[in-house]
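Chemist: Mind looking at a prediction? Sequence and model below.
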Amino acid sequence: MTVSTKMFADQMLNRFSQLNEEIQLRQTQVSTGKEITQASDKPIEAVKLSAMEERVTQLSGFQRNVATAQERLTMADTTLENVDSIMIQMRERVIAANNDTFSEPDLDAIRVEVNELRDTLVGLANTRTPDGQALFGGYNTDLQPFREEADGRVTYLGDGGQHTLAASESMRLPTSVNGGEVFMQISTDAGSKSLFDIVDSFIASLSTAATHEDTLVATEREGMSLRINADRTPREWSFVLSGPEGSVSITAANVVDGSHSGIAEAINARTFETGVTAIVNEGHLKLTSTTGEISLSDLMVEGVDLASKEPPFTITTGGNPAATMVPKAQTLSAQLSKIVDAGQDIAISRTTVGARLQRAEVQEEVLASRSVTLQSQVNEMSAADLEKVITELQSLLMTQNAARQAYSQIGQTTLFDYLK
């Protein structure tokens, strides 16, 4: 078959193009270290490699989430550590305040200090992460979760959500603890209370300790004249009444402001045990006994679990000077158990954060191990045999050079060279 000069040139140019493509492929493999530089090289292997690389990317995302969770949990642990430290100081102050030798100026000094600690607690509860998100706000991370209202009470504006991040295909890591549970649901003997209400109760108790009594005593034969101060909501009142015959617990239901008949009836029903008689006279409750020894203590009013700056429920004597007895919840002695309960709950919350942080650290190790294994598989599948590739590249370059020389020599030959 006769080959024309044009056909020969076209064939050589096609061959040069093929050699260039193979040379470029080898050069790319050498420079990248990868055997598969595009999907068309090895379609089946490329699909497998793509799936594995997607898993590597997914694992990297999980690792970033775990790092973020660790950062937030570490911040939460540090914050709760500071809160715990403040509660220890609170406990020390309430123990000191219950010292009978402390004067009114001493109590005022403690109240000023506790006020400062209370403001610090509010600030810690409103801690934000480096990116500006509320650490204890639940899902509402953009707002300030704890706000002080006009009446001085601290309210929670966050929600009950718990922020989590994906740490694997089937695991989500909590990144903190819910502020509503930590600061607003302290377990006490009187039920669930706000940490800030407990602290405010201590402050209020300090304010009234010097001017209010927890016990009323009468030693004169005239007994004592009492005024019941309450609101218009019927409540159950109870107190310990002691007289010449003994002490009993008196309970009266449906007590309202200025109403003394219910309490009088409850006292008279136990006269044989106390030796104390009660009558209602001109809007006052008159207590008498044969010897004049009468005392009232441990006053408890339904719904009153914390101290108030201005106690709304009191019993006032008619003497001069008058003495005012407040419910037991108003007294300094009643504050210690609540402060202790609050400290214990904060410690438990910190333990929860620590456990979650440990869980995040374990997951970090698991993800790192998975990442190393998967990356090794990807490298094994995609890495080129450089020794083989370089050998092939050198061979192709030699072939290309020889082909060019042959084409050049043949291309310069004319018909006259063949006629010689």
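Modeler: Perfect, thanks for sending it. Keep in mind that this is a model prediction, so the values were computed, not measured.

Chemist: where does D151 land in three-state SS?
Modeler: coil (DSSP: H, G, I helix; E, B strand; the rest coil).

Chemist: and the closest residue to T215 other than its chain neighbours, how far is that from G262?
Modeler: In this structure, T215 finds its nearest non-sequential neighbour in S297, 4.3 Å apart by Cβ to Cβ, 6 or more residues apart in numbering. All C-beta atoms are positioned from the backbone trio N, CA, C, and that covers glycine. Applying Cβ to Cβ, to the nearest Å, one obtains 19 Å for the distance of S297 from G262.

Chemist: mind checking which helix or strand the residue nearest to T215 is in?
Modeler: S297 belongs to strand 294-301 when assigned by DSSP states H and E.

Chemist: ok, that strand: who's next to it in the sheet?
Modeler: Looking at strand 294-301 with DSSP bridges, its paired strands and their directions are strand 215-218 (antiparallel), strand 235-243 (antiparallel).

Chemist: which of those is buried the deepest?
Modeler: Highest mean neighbour count of the strands paired with strand 294-301: strand 235-243, a mean of 20 (counted as mean count of other Cβ atoms under 10 Å).

Chemist: any idea how far that one is from the chain center?
Modeler: Going by Cα atoms, centre = their mean, to the nearest Å, the spacing between the C-alpha centre of strand 235-243 and its chain's C-alpha centre is 42 Å.

Chemist: do the same with stretch 333-343
Modeler: Its chain's C-alpha centre lies 22 Å from the corresponding centre of stretch 333-343 when counted by Cα atoms, centre = their mean.

Chemist: hey, C-alpha coordinates of stretch 137-148 in PDB?
Modeler: Extracted in PDB, the C-alpha atoms of stretch 137-148 (Å, rounded to 0.1, in the frame of the first residue of the first chain):
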ATOM      1  CA  GLY A 137     -28.800  29.700  76.900                       C
ATOM      2  CA  GLY A 138     -29.900  26.400  75.400                       C
ATOM      3  CA  TYR A 139     -30.800  26.900  71.700                       C
ATOM      4  CA  ASN A 140     -31.300  30.700  72.200                       C
ATOM      5  CA  THR A 141     -27.600  31.400  71.900                       C
ATOM      6  CA  ASP A 142     -27.900  35.000  70.600                       C
ATOM      7  CA  LEU A 143     -29.600  36.600  73.600                       C
ATOM      8  CA  GLN A 144     -28.500  37.200  77.200                       C
ATOM      9  CA  PRO A 145     -30.100  34.200  78.900                       C
ATOM     10  CA  PHE A 146     -30.200  35.600  82.500                       C
ATOM     11  CA  ARG A 147     -31.800  39.100  83.000                       C
ATOM     12  CA  GLU A 148     -32.400  41.000  86.200                       C
END
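
Chemist: outside of it, which residues touch it?
Modeler: Applying Cβ atoms under 8 Å, 6 or more residues apart in numbering, the set of residues contacting stretch 137-148 from outside is 122, 125-126, 133-134, 136, 154-163, 178-180, 183, 196.

Chemist: same deal with stretch 129-136?
Modeler: Applying Cβ under 8 Å, 6+ apart, the contact partners of stretch 129-136 are 71-72, 75-76, 79, 125-128, 140-146, 158, 176-179, 182-183.

Chemist: what's the answer for stretch 327-343, then?
Modeler: Counting by Cβ under 8 Å, 6+ apart, residues outside stretch 327-343 touching it are 84, 87-88, 90-91, 94-95, 97-98, 186-190, 193, 195, 198-199, 201-202, 204-206, 208-209, 212, 214, 298-301, 304-308, 311, 313.

Chemist: Now, the contacts of stretch 129-136 that are in strands?
Modeler: F146 (DSSP state E).

Chemist: Type out the ChimeraX command that picks the buried ones from the contacts of stretch 129-136.
Modeler: Buried members of those, identified by 16 or more other Cβ atoms under 10 Å, are gathered into one ChimeraX selection as follows:
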select :72,75,76,79,125,126,127,140,141,145,146,158,176,177,178,179,182,183
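
Chemist: Let's see the ChimeraX selection covering just the buried ones among the contacts of stretch 137-148.
Modeler: Under the burial definition 16+ other Cβ under 10 Å, those of these that qualify are selected in ChimeraX by:
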select :122,125,126,134,136,154,156,158,163,178,179,180,183,196
